[in-house]
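Enquirer: Pasting the sequence and the predicted model now:
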Amino acid sequence: MAEVIFAKAFRRHVDCPDANVSGTTVHDVLTTYFEDHPTVRGYVVDEAGAVRKHVALFVDDDQLTDRVTLTDPVGPDGRIHVFQALSGG
């Protein structure tokens with residue numbers, strides 16, 4: 001099972017416990033996670049299911065490459081890290 005891990009910054013806004021979730025892509029893993037934690041969905045993805053602009057996802061040590069359909073593969077012992085992306089100048 002893949003592990004979904006949220007940065008502390010997310011916890012200030014929504015209850016988003018880390019969890020072990022099954023799935024072979026980021027989409028599969030997050031869809032299953034959101035079934036158990038539906039309020040988290042709106043903080044991570046938009047209405048179309050794409051990753052929100054100010055959210056960064058990493059699969060293991062690599063930044064997510066497909067922010068729209070979330071097809072990046074996740075291994076059985078993979079980790080998805082969810083961060084608030086920093087912006088500004």
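Expert: Cool, the structure landed. Since the model is a prediction, treat every value here as computed from it, not as a measurement.
Enquirer: Can you point out the buried residues in stretch 36-54?
Expert: Going by neighbour count (16 or more other Cβ atoms under 10 Å), the buried part of stretch 36-54 is 37, 40, 41, 43, 44, 45, 51. For the C-beta atoms, the positions are set from N, CA and C on the backbone; glycine is no exception.
Enquirer: no, scratch that, I was asking about stretch 13-31
Expert: Buried-residue list, stretch 13-31, by 16+ other Cβ under 10 Å: 16, 19, 21, 23, 25, 26, 27, 28, 29, 30, 31.
Enquirer: Might you specify the subset of those located within helices?
Expert: Mapping these onto helices (DSSP state H) picks out 26, 27, 28, 29, 30, 31.
Enquirer: Out of those residues, which comes closest to residue 2?
Expert: Set against residue 2, the nearest of those by Cβ to Cβ is residue 29 (4.9 Å).
Enquirer: buried sites along the helix or strand of the chain with the lowest mean pLDDT?
Expert: Scoring the helices and strands of the chain by mean pLDDT, DSSP states H and E places helix 8-11 at the bottom, with a mean of 88. Under the neighbour-count criterion of 16+ other Cβ under 10 Å, helix 8-11 has residue 10 buried.
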